[in-house]
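**Q** Below are the sequence and a predicted model; questions follow.
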Amino acid sequence: MIAVLAAITVVGAVLVSTLSGRRPRPRVESMPAATAPAPQPKSAFHVPVVTEPPGASVLAAEDHTLLCAPTPCEFEIARERAAFAMVSLELPGHLPVLARVSDVTDVPGGTLMLTFGRSPTPSPYVRPTLRELGVQIHGPLPVDVVRRIVRQHFGRFRLCYENALRLHPGLEGRVTTRFVIDTRGAVSTASDAGSDLPDQGVVHCVVSSFGSLTFPENDQKKVVTVVYPIGFASASGPSM
């Protein structure tokens, strides 16, 4: 009887040991690594400006508001405006210079740098003249409304022209812009429509400036196409 009990004890011990060896191991699942959020584009650009000689003022070409001064300095501009915005760099004793903001913001870490040339022998300044040569409008927006808004921005077009006059004093001609006003009043497209002014830089500057204008919405919710020619002349005369 004692021998039987000993055998049962040995068999039980072996069985317990076997069962304990087959105990299921806890399941460990690997968690996916956290994915870093994609970087969001900045809502504004910081544009550093350096001039030689220093001490210049940087102004918005659209309304001549001061952006920063004196150079070297830095100004901020919204991303949605940087593609078409222009600035005027002005230093006493020198002619103002117009620059496109996109020339800097398109280059990561870019700086707007300008060297002012020496002023020529002082001479009487003749204010350039701009003349509206006849507007064509196809759509439900009144011509007087279009003319009034465009004329409010003639200062911007004049800056485009004045910069070119520094190198070509006799430059004159017509810049004709065709632009489309969408149903919200924004200019959706602007293009050259047969300009004869012999400086493509001025033509591009003027046409690009039309692209940032804003007009009222029309009641009929239809697009409006406008052909707007402007005559540029350096001689004195009636101006807009």
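**A** Happy to help now that I have it. The structure displayed is predicted, hence computed values, not measured ones.

**Q** any idea what sits nearest Gln172, other than its immediate chain neighbours?
**A** If you look again at residue 172, you'll see it is Glu, not Gln. Among residues not flanking Glu172 along the chain, Ala233 sits closest, at 4.5 Å (Cβ to Cβ, 6 or more residues apart in numbering). (C-beta placed from N, C-alpha, C; glycine too.)

**Q** Just list whatever residues bridge to that neighbour.
**A** Beta-bridge partners recorded for Ala233 (DSSP bridges): Thr129.

**Q** Torsion angles phi and psi at the spatially most central residue of the chain?
**A** Nearest to the geometric centre of the chain sits Ala82, at 1.8 Å (Cα atoms, centre = their mean). Reported as degrees, to the nearest 10, the phi and psi values for Ala82 are phi -60, psi -30.

**Q** ok, it touching Phe75?
**A** No: using Cβ atoms under 8 Å, Ala82 makes no contact with Phe75, being 11.1 Å away.

**Q** what's the domain layout of the protein?
**A** 44-115, 129-233 (automatic domain parsing).

**Q** for the residue nearest to the centre of the chain, what are its contacts?
**A** By Cβ atoms under 8 Å, 6 or more residues apart in numbering, the contact list for Ala82 reads 45, 101-102, 105.

**Q** ok, of the domains of the chain, where does mean pLDDT dip lowest?
**A** Among the domains of the chain, domain 44-115 has the lowest mean pLDDT, at a mean of 85.

**Q** Distance check, the residue nearest to Glu172 against Arg151.
**A** The spacing between Ala233 and Arg151, counted by Cβ to Cβ, to the nearest Å, is 17 Å.

**Q** Who has more neighbours out of the two?
**A** Ala233 (18 against 14; other Cβ atoms under 10 Å).

**Q** List the residues that contact that one.
**A** Contacts of Ala233 (Cβ under 8 Å, 6+ apart): 128-129, 131, 172.

**Q** Neighbour count and distance to Arg178 added to the residues you listed, as CSV?
**A** Rendered in CSV, the data for those read as follows (neighbours: other Cβ atoms under 10 Å; distance: Cβ to Cβ, whole Å):
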residue, neighbour count, distance to Arg178
Pro128, 21, 23
Thr129, 18, 23
Arg131, 15, 18
Glu172, 18, 21
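
**Q** Tell me the one among the residues you listed nearest to Leu59.
**A** Pro128 (18.0 Å; Cβ to Cβ).

**Q** Would you mind confirming that that closest one makes contact with Ser234?
**A** Yes: here Pro128 lies in contact with Ser234, judged by Cβ under 8 Å, at a distance of 5.4 Å.

**Q** shared neighbours, these two?
**A** The contact sets of Pro128 and Ser234 overlap at Leu165 (Cβ under 8 Å, 6+ apart).

**Q** what sits up against stretch 62-75?
**A** Contacts for stretch 62-75 (Cβ under 8 Å, 6+ apart): 46-51, 54-60, 77, 85-89, 153, 155-156, 212.

**Q** who touches the closest residue to Thr115 other than its chain neighbours in this structure?
**A** Leaving aside its sequence neighbours, Thr115 sits nearest to Glu52 (Cβ to Cβ, 6+ apart; 4.4 Å). By Cβ under 8 Å, 6+ apart, the contact set of Glu52 is 113-116.

**Q** and if you look at Cys160?
**A** 98, 201-202, 205-206, 209.

**Q** at 10 Å what do you get?
**A** 61, 86, 98, 175, 199, 201-209, 232 (Cβ atoms under 10 Å, 6 or more residues apart in numbering).

**Q** That one falls within a helix, correct?
**A** Yes: under DSSP: H, G, I helix; E, B strand; the rest coil, Cys160 falls within a helix.
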